[in-house]
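1. starting from these lines, generate the structure:
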Amino acid sequence: MISATVKRVNPQQYNLKEQVVSINRVTKVVKGGKNMSFSALVVVGDPAARVVGFGIGKAKEVPSAIRKGIESAKKNLRKIHLLETTIAHQVLGRFGSGLVLLKPAPAGTGVIAGGPVRAVIQAVGIANVLTKSIGTHNPHNVVKATIAALEQLRDRNMVAEMRGIAVEKL
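-> So this is what the prediction gives:
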């Protein structure tokens, strides 16, 4: 699951790039007819700083929904621990029935990912990774599962500190 103890990241200090993952037209049936609105799922990130976040915006018009999604995503930024061009180890992220498997890849492989997973991976700035999305194809759950997987990544210093040994002994 997505951890609740995420350290707040200030969005003003980063050069954030936005990407709209999905736009959904929603209809609410009321006594007077149908009320139409739009829901937008947006991913923002800074590849240089290794931060990523997602947000959902809802409004009567598409541009307003996207703008609200971007604002929500900026409040939801997280720092991701990476190696130079790939991830340190294989991870499996889960959210709902969405499973996302991320595997490290050698230089030159590129991003082997589809749709929502690719949006998150490119936003965080991973150049070489293999991914597999298992279970649901719902973009909301796939994005959340991908971020949950990225949050499981640990750097060498953190692992050494948790184990109580020197970094050289890892």
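2. so which elements touch the helix or strand hosting Ile121?
-> Taking DSSP states H and E as the criterion, the element that holds Ile121 is helix 115-124. Contacts defined by 3 or more CB pairs under 8 Å, 6 or more residues apart in numbering; DSSP states H and E place helix 115-124 against strand 17-30, strand 33-46, strand 51-59, strand 111-112, strand 129-135, helix 139-151. All C-beta spots, glycine's among them, are computed from the backbone N, C-alpha and C.
3. how far is the fourth one from where the chain is centred?
-> The reference is to strand 111-112. Centroid separation for strand 111-112 versus its chain: 15 Å, with CA atoms, centre = their mean, to the nearest Å.
4. for it, packing partners?
-> On a contact count with 3+ CB pairs under 8 Å, 6+ apart, strand 111-112 meets helix 115-124, strand 129-135.
5. doesn't Gly45 make contact with Asn15?
-> No - using CB atoms under 8 Å, Asn15 makes no contact with Gly45, being 10.0 Å away.
6. same drill for these two, tell me which one is more crowded.
-> Neighbours per residue (other CB atoms under 10 Å) separate Asn15 from Gly45, with Gly45 holding more: 28 against 9.
7. count of neighbours near Ala127?
-> Applying other CB under 10 Å, we find 17 residues neighbouring Ala127.
8. and it, how far is that from Leu82?
-> Distance of Ala127 to Leu82, computed by CB to CB, to the nearest Å: 10 Å.
9. ditto for Glu168
-> From Glu168 to Leu82 the distance is 21 Å (CB to CB).
10. of those two, which one has the most company?
-> Using other CB under 10 Å, the more surrounded residue of Glu168 and Leu82 is Leu82, with 19 against 7.
11. so for the more buried one, what pLDDT did the model give?
-> Note for Leu82: predicted pLDDT of 86.
12. that one - nearest residue in space that isn't next to it in sequence?
-> Closest residue in space to Leu82, ignoring its immediate chain neighbours: Arg50 at 5.7 Å, by CB to CB, 6 or more residues apart in numbering.
13. go on, His89?
-> With sequence-adjacent residues excluded and distances taken as CB to CB, 6+ apart, His89 is closest to Pro104, at 6.7 Å.
14. would TSV of the helices and strands packed on helix 115-124 with distance to Met158 and mean pLDDT be doable?
-> Putting the helices and strands packed on helix 115-124 into TSV (distance: least, CB to CB, whole Å; pLDDT from 0 to 100) gives the following:
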stretch	distance to Met158	mean pLDDT
strand 17-30	27	94
strand 33-46	21	95
strand 51-59	17	95
strand 111-112	25	93
strand 129-135	20	94
helix 139-151	12	94
